[in-house]
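**Q** Please find the sequence and the predicted model below.
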Amino acid sequence: MANTFSPVLHKHSWDRQPGLADFESTIYSHSTLRGSNVQGQLVYSNRVPPIHTSTDWRWDSFGSGSLYVAWKIDIDDEMRYTAVPGGYGPLYFHVYKPNSEDRYYYLQYWYFFPMNDVSGQSTFQTWHEGDWEHVALKLQRTTGSTFTPLAINFYLHEGGKTRTPAQAWWSSSNSLTYSGIQQGYDASHTHLHIWLAANSHASYNRFESVYKLEVEFRDLAGIDTYIDNVDYDPGGSDLYFPYDMLVNLGEVTSCTNCLAHGYTWFNHMSANNATPGWLPYIGLIGDYWTNGVAQTPSTTSPSRHFSWRIFEEDYSQHGFGNSNEHPWYQIWKNVSWVQDSPSGD
């Protein structure tokens with residue numbers, strides 16, 4: 001299934017990331033696991049591995065112990081703008097079926113970048129280390145091992161948009177080219193095309209309107225504006241994020257009354273067989289920058305994402321999530337959808 005629908009990832013020329021990263025290599029060889037208590041005091045700091053730390057009854061990086069600890073995997077600074085040598089990183093996938101009675105299957109593709117950096121794209125200079133993004137397909141088994149897509153979720157900032165297979169763009173292989181691309185799915189065109197916004201890595205269907213964020217500083221003059229930059233057309237840069245392997249993320253298991261070290265652990269996560277050992281991690285992946293007014297926290301493990309086992313369907317222009325206006329720390333955030341500018345494509 002993962003090979004049949006394996007996507008083509010389109011890149012914008014402004015993206016500072018040279019390619020996809022290998023998450024295991026990043027965290028196990030180029031990161032430090034830190035834990036801070038509610039007073040902000042550092043209570044744990046060590047090069048990973050192990051990412052699963054449960055030294056006594058006070059804390060657990062795979063769940064909550066009796067003392068709350070904020071966990072963070074701090075990626076080495078020199079690894080922020082890097083990729084797998086040659087630019088070919090792994091593409092991760094997750095397949096699930098909600099229950100035995102549900103006739104649908106769901107396939108997610110996840111891609112990891114060591115850095116998200118929109119500084120220079122607006123006066124609101126913000127970045128954070130670590131960035132997972134993804135798309136999801138709702139599939140129905142037709143005959144034997146044949147599956148047909150019914151809907152696609154393209155995940156953006158704070159939510160996403162659902163599109164039909166007829167609205168999406170497909171090709172007969174996952175080759176890095178626009179040649180043979182067509183709008184609309186059929187049995188000979190099964191590979192989904194995804195357009196990633198520069199540095200924010202939000203995932204778009206072709207020719208969609210893009211995310212515009214206006215930040216009004218209440219204590220400062222002016223409004224700052226950020227707009228996703230997406231390259232929808234061939235020619236010019238015509239860049240891609242290639243990958244050379246598909247990695248199955250597997251599943252995690254939740255336990256609310258687990259015993260460890262003689263103590264009861266609440267909301268503890270664990271990896272299933274053949275699941276990457278880092279998947280149950282509950283903290284942030286990467287450091288983040290703040291100007292004292294607003295923050296953009298780093299990402300979490302895919303298993304902690306709101307959509308890990310939930311597929312929402314909203315075919316509107318607005319989509320699901322993506323709040324129009326709400327208080328965020330000490331600012332107001334106004335979201336709209338605008339026509340993409342070809343500048344920089």
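**A** Yep, that arrived. Small disclaimer: the values here were computed from a predicted structure and weren't measured.

**Q** okay, CA-based contacts and neighbour counts for the rest of this
**A** Will do.

**Q** the helices in the stretch 1-150 of the chain, which residues?
**A** Under the criterion DSSP state H, counting those that start in this stretch, the stretch 1-150 of the chain contains helices at 23-29.

**Q** Okay, now the unreliable bits of it?
**A** Low-confidence segments of the stretch 1-150 of the chain (pLDDT under 70): 55-58, 65-66, 121-125.

**Q** again, only using 90
**A** Within the stretch 1-150 of the chain, the stretches with pLDDT under 90 are 37-40, 43, 49-50, 53-60, 63-69, 85-89, 98-103, 118-127, 142-145.

**Q** what about stretch 181-192, average pLDDT?
**A** Confidence for stretch 181-192, expressed as mean pLDDT, is 98.

**Q** for the chain, what's the longest strand?
**A** Scanning the chain for the longest strand, with DSSP state E as the assignment, gives strand 127-143.

**Q** Pull that one out as CSV, backbone CA atoms only.
**A** The C-alpha coordinates for strand 127-143 follow below in CSV (Å, rounded to 0.1, in the frame of the first residue of the first chain):
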residue,chain,number,x,y,z
TRP,A,127,12.0,29.5,13.8
HIS,A,128,12.1,26.2,15.6
GLU,A,129,14.2,23.0,15.3
GLY,A,130,12.5,19.9,14.2
ASP,A,131,9.5,19.7,11.8
TRP,A,132,7.3,16.8,11.1
GLU,A,133,4.7,17.2,8.4
HIS,A,134,2.4,14.8,6.6
VAL,A,135,-0.5,14.0,4.3
ALA,A,136,-3.1,11.2,4.8
LEU,A,137,-5.2,9.1,2.4
LYS,A,138,-8.5,7.5,3.2
LEU,A,139,-8.6,4.2,1.3
GLN,A,140,-11.2,1.5,0.6
ARG,A,141,-10.3,-2.1,-0.3
THR,A,142,-11.8,-3.0,-3.6
THR,A,143,-10.4,-6.4,-4.5
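
**Q** Next up, the contacts around Phe23.
**A** By CA atoms under 8 Å, 6 or more residues apart in numbering, the residues touching Phe23 are Phe112.

**Q** Mind doing that once more with 10 Å?
**A** 29, 84, 89-90, 92, 111-114, 130, 132, 278 (CA atoms under 10 Å, 6 or more residues apart in numbering).

**Q** Not counting its neighbours along the chain, what's nearest Ala274?
**A** Leaving aside its sequence neighbours, Ala274 sits nearest to Gly250 (CA to CA, 6 or more residues apart in numbering; 6.9 Å).

**Q** Spell out the secondary structure type for that neighbour.
**A** Assigned by DSSP: H, G, I helix; E, B strand; the rest coil, the conformation of Gly250 is coil.

**Q** starting at the chain centroid, how far to stretch 172-181?
**A** For stretch 172-181, the distance from its own C-alpha centre to the chain's C-alpha centre is 24 Å (CA atoms, centre = their mean, to the nearest Å).

**Q** what's in contact with it?
**A** Where contact means CA under 10 Å, 6+ apart, the residues beyond stretch 172-181 that reach it are 3-10, 169-171, 182, 185-193, 233-235, 238-243.

**Q** Now a PyMOL select for only the buried ones of these.
**A** In PyMOL syntax, the buried subset of these is picked out as below (16 or more other CA atoms under 10 Å):
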select buried, resi 5+6+7+8+9+10+169+170+171+182+185+186+189+190+191+192+193+238+239+240+241+242+243
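
**Q** Can you flag which of the contacts of stretch 172-181 belong to strands?
**A** Of the positions in the contacts of stretch 172-181, 8-10, 169-171, 182, 191-193, 239-240, 243 sit in strands, assigned by DSSP E.
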